[in-house]
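In: Have a look; sequence and predicted model below, questions after that.
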Amino acid sequence: MEQQPTLRTLLGRRDLHLRLVGGVDALAPGSLDHPLRWVHSSDLTDPTPFLADDLALLTTGTQFADDDAAGAHAYVHRLVDRGVVALGFGTEVHRSGIPADLVAACAAAGLPLFEVPYSTPFIAVARAHAEAIAAQAYARRTWALETQRALSVAALRPHGLESTLTELSRRLGCWVGMYDAAGRLVHEQPSGGSSPAVDEAASDLLARGGSANRVVQAGTSAYTLLTVGRAGHLRGVVAIASGTLDPETRGVVTSVIAMAGLSLEQSEQLARSRRRLHRQLLASLLGDDPALARRVLGALPPAPIVVAVAAGQRQDAVAEWWERQRGDAPAVFLADSDDGLVMCLAIADAGVLDELAERTGVRIGVSAPEEYTAFSHAHAQALAALRRSGDGVVRYADSAETSVLAAFATDEARLIAESLLAPLRQHDAREGAELERSLRVWLEHDTRLEPAAAALGVHRHTLRTRIAQAAAILDADLGSFPARAELWAALRTAGD
């Protein structure tokens with residue numbers, strides 16, 4: 001990339017025969033590489049009212065008196081305070097050589113001083129610098145056009161947005177990163193170029209919700225952050241490891257921001273259309289008929305499959321995660337539903353759900369393996385698993401509570417069970433008895449008195465008396481199987 005003309009550029013023009021006085025070592029670091037805006041000439045004692053910042057001043061020295069060190073120092077300090085970056089002295093016009101007082105004053109102030117020989121007109125110096133500025137401007141415009149073409153080609157590649165940002169990084173010669181709408185760094189080139197300060201600034205810009213750009217200082221590095229998308233509907237933030245962008249660079253970056261916004265908007269529209277289509281295909285799959293889905297999609301994850309359902313506030317994060325993994329992750333069918341985001345994938349790939357839950361923080365209910373002809377059954381299992389307690393992935397087959405009684409243990413069932421057992425519990429609390437425990441142990445031992453009594457540590461006749469007493473309190477005929485089954489269900493369902 002062509003650099004802006006500097007004093008070093010001007011002094012390097014051999015045809016001008018300019019000579020730096022005092023050598024480079026006597027100057028402050030970077031003095032010769034400061035951008036040089038213009039070259040001006042004046043012999044006024046105080047030309048500063050007519051000067052601009054960052055220019056080189058040329059003089060023939062008619063304004064200097066002999067043996068006037070104080071005047072020379074005051075003159076140089078006025079130039080430095082005004083922002084003049086160099087002083088050129090034309091020798092052999094009015095003076096032979098450069099006054100020693102001026103050389104000393106420039107050295108003391110750190111102002112570069114160079115000699116312009118008699119054979120080099122001031123106009124030639126000014127013209128040479130103007131030509132350098134024009135050449136630099138032409139080079140920057142050429143660079144911008146070539147870069148725009150390269151970015152357009154990159155946008156046509158697979159993963160066009162990522163390819164465009166990678167090409168932008170290469171053209172700028174610095175790190176470029178893309179944050180999504182949630183503030184996560186989803187693409188960077190090269191890797192490892194971000195910092196916590198940049199991550200925090202990107203999240204703050206997204207939280208504010210307005211279109212903006214910001215320069216962030218992270219240690220010794222500066223970053224420019226620009227939002228993507230319209231105010232109130234931001235799509236992300238592009239970060240560039242550069243604190244200053246010249247007009248050509250800013251024009252290129254602005255076009256990339258526009259391309260990114262358009263790409264993300266189109267992606268969202270396609271995603272919405274795809275979600276509507278998949279929602280309709282899900283209805284077909286829930287009818288245990290995969291024929292329509294196969295005809296529309298071309299293929300489905302190979303059976304046997306598991307069906308997973310993610311519910312809660314982070315469903316969008318799940319869909320975004322699958323979208324980012326596209327091409328690297330296993331085949332999956334996704335569909336929105338009233339119950340949550342439904343996912344269908346081959347049993348061999350089901351392990352990826354654990355990574356998904358960890359990355360997004362969602363709870364996911366997962367079915368047992370099934371064929372497509374039992375899709376509705378698998379979907380019901382996934383919903384049942386999702387309703388159970390636990391974080392991350394909850395698998396239907398792994399639950400410890402898979403009995404029919406556990407499935408019936410609703411709040412209403414618990415209230416009924418507690419009401420049924422209430423007389424027995426009141427008696428135990430009042431008398432200090434253990435009728436409820438005795439009933440539970442008796443039923444656990446298939447109503448056999450000898451082993452149940454041994455487990456309780458009482459005589460079998462004592463246990464028989466307790467069973468009869470409990471039956472009277474509950475007004476139940478415990479000699480019949482239906483009564484014993486109802487009592488067992490109540491004991492299992494009621495809270496302790």
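Out: Sure thing, it's come through. Residues are numbered from 1 along each chain as shown.
In: Show me the helices in the stretch 151-300 of the chain, by range?
Out: Ranges of helices within the stretch 151-300 of the chain are 160-172, 196-208, 247-285, 291-297, based on DSSP state H, counting those that start in this stretch.
In: tell me which residues in the second one are buried?
Out: Neighbour counts over helix 196-208 (16 or more other Cβ atoms under 10 Å) mark 198-199, 201-202, 205-206 as buried. Every C-beta, even on glycine, is put in place using the N, C-alpha and C of the backbone.
In: Next: the first one.
Out: Of the residues in helix 160-172, those buried under the neighbour-count criterion (16+ other Cβ under 10 Å) are 161-169, 171-172.
In: quick check: angle from that helix to helix 247-285?
Out: Counting by axes from the mean of the first three to the mean of the last three Cα atoms, to 10 degrees, helix 160-172 lies at 160 degrees to helix 247-285.
In: Show residues contacting helix 160-172.
Out: By Cβ atoms under 8 Å, 6 or more residues apart in numbering, the surrounding residues in contact with helix 160-172 are 1, 143, 147, 150-151, 154-155, 157, 175-178, 187, 189-190, 238, 240, 242, 249, 252-253, 256, 259-260, 263-264.
In: same thing but 6 Å
Out: Defining contact as Cβ atoms under 6 Å, 6 or more residues apart in numbering, one finds that helix 160-172 is touched by 147, 150-151, 154-155, 157, 176, 178, 187, 189, 256, 260, 263.
In: could you pull out the helices for the stretch 301-450 of the chain?
Out: 315-324, 352-360, 375-387, 404-407, 411-431, 435-444, 449-456.
In: worst average pLDDT in those?
Out: Of all the helices of the stretch 301-450 of the chain, helix 404-407 carries the lowest average pLDDT, namely a mean of 59.
In: And the pLDDT for the residue nearest to residue 256 when sequence neighbours are not counted?
Out: Setting aside the residues directly before and after it, residue 256 is nearest to residue 168 in space (Cβ to Cβ, 6 or more residues apart in numbering), at 5.5 Å. pLDDT recorded at residue 168 is 91.
In: if we can go back for a sec, which stretch in the helices of the stretch 151-300 of the chain is the model least sure about?
Out: Ranked by mean pLDDT, these end with helix 247-285 at the bottom, a mean of 83.
In: what lines up beside the lengthiest strand in the chain in the sheet?
Out: Ranked by residue count under DSSP state E, the longest strand found in the chain is strand 221-230. Taking DSSP bridges as the criterion, strand 221-230 sits next to strand 213-218 (antiparallel), strand 233-240 (antiparallel) in its sheet.
In: Show me what counts as buried in that strand.
Out: 221, 223-229.
In: tilt between that strand and helix 196-208?
Out: 20 degrees.
In: For residue 455, which of the helices of the stretch 151-300 of the chain is the nearest?
Out: Of all the helices of the stretch 151-300 of the chain, it is helix 247-285 that lies closest to residue 455, at 50.3 Å by Cβ to Cβ.
In: And the closest one, what does it pack against?
Out: Contacting helix 247-285 under the criterion 3 or more Cβ pairs under 6 Å, 6 or more residues apart in numbering; DSSP states H and E are the following elements: helix 122-155, helix 160-172, strand 221-230, helix 291-297, strand 333-337.
In: Turn these into TSV, including distance to residue 95.
Out: Shown next, in TSV, are the helices and strands packed on helix 247-285 (distance: least, Cβ to Cβ, whole Å):
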stretch	distance to residue 95
helix 122-155	15
helix 160-172	48
strand 221-230	45
helix 291-297	88
strand 333-337	83
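In: Tell me which of these lies nearest to residue 70.
Out: Nearest of these (Cβ to Cβ): helix 122-155, 27.0 Å.
In: can you list the domains in the chain?
Out: 7-131, 157-265, 286-402, 411-493 (automatic domain parsing).
In: now the ones you listed as JSON lines including distance to residue 271?
Out: Below are the domains of the chain laid out as JSON lines (distance: least, Cβ to Cβ, whole Å):
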{"stretch": "domain 7-131", "distance to residue 271": "46"}
{"stretch": "domain 157-265", "distance to residue 271": "10"}
{"stretch": "domain 286-402", "distance to residue 271": "7"}
{"stretch": "domain 411-493", "distance to residue 271": "39"}
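In: can you tell me which of these comes nearest to residue 278?
Out: Nearest to residue 278, of all these, is domain 286-402, at 3.9 Å by Cβ to Cβ.
In: before we move on, back to that, out of the buried residues of strand 221-230, which comes closest to residue 35?
Out: Once Cβ to Cβ is applied, the member of the buried residues of strand 221-230 that ends up nearest residue 35 is residue 224, at 18.6 Å.
In: Now do the contacts for the closest one.
Out: When contacts are counted by Cβ under 6 Å, 6+ apart, residue 224 touches 215, 240, 242.
In: Skipping its backbone neighbours, what lies nearest residue 150 in space?
Out: Closest to residue 150 by Cβ to Cβ, 6+ apart is residue 167, at 5.5 Å.
In: How about residue 359?
Out: Closest residue to residue 359 apart from its sequence neighbours, by Cβ to Cβ, 6+ apart: residue 321 at 5.8 Å.
In: and what of residue 281?
Out: Closest to residue 281 by Cβ to Cβ, 6+ apart is residue 293, at 4.5 Å.
In: what about residue 423, how many neighbours?
Out: Residue 423 has 15 neighbours, counted by other Cβ atoms under 10 Å.
In: cool, and residue 33?
Out: 13.
In: Go ahead and confirm it touches residue 5.
Out: No: counting by Cβ atoms under 6 Å, residue 33 sits too far from residue 5 to count as a contact (10.6 Å).
In: any shared contact partners between those two?
Out: Contacts common to residue 33 and residue 5, judged by Cβ under 6 Å, 6+ apart, are absent.
In: And the strands in the stretch 1-150 of the chain?
Out: 19-21, 38-41, 55-59, 86-90, 113-116 (DSSP state E, counting those that start in this stretch).
In: Now do the closest residue to residue 67 other than its chain neighbours, the pLDDT please.
Out: Using Cβ to Cβ, 6+ apart and skipping the chain neighbours, the partner closest in space to residue 67 is residue 101 (7.3 Å). Confidence at residue 101, expressed as pLDDT, is 93.
In: What about residue 101, how many residues nearby?
Out: Neighbours of residue 101 using other Cβ under 10 Å come to 20.
In: how far away is it from residue 70?
Out: As judged by Cβ to Cβ, to the nearest Å, residue 101 and residue 70 stand 9 Å apart.
In: can you check residue 391 too?
Out: With distances taken as Cβ to Cβ, residue 391 is found 80 Å from residue 70.
In: OK, contacts around the nearest residue to residue 392 once chain neighbours are set aside?
Out: Leaving aside its sequence neighbours, residue 392 sits nearest to residue 357 (Cβ to Cβ, 6+ apart; 4.2 Å). Shown in contact with residue 357 (Cβ under 6 Å, 6+ apart): 364, 392-393.
In: least confident pick among those residues?
Out: residue 392 (85).
In: wait, isn't residue 237 in contact with residue 180?
Out: No: Residue 237 is beyond contact range of residue 180, at 8.7 Å (criterion: Cβ under 6 Å).
In: So which of the two has more stuff around it?
Out: Taking neighbours as other Cβ under 10 Å, residue 237 and residue 180 compare with residue 237 leading, 30 against 20.
In: Need the nearest residue in space to residue 394, chain neighbours excluded.
Out: Sequence neighbours aside, residue 385 is the residue nearest to residue 394 in space, at 4.6 Å (criterion: Cβ to Cβ, 6+ apart).
In: From what I see, the one you found and residue 393 are in contact.
Out: No: contact status for residue 385 versus residue 393: not in contact, 8.8 Å apart, counting by Cβ under 6 Å.
In: Can you get me a residue count around residue 36?
Out: 22.
In: my bad, residue 481
Out: When neighbours are counted by other Cβ under 10 Å, residue 481 comes out with 9.
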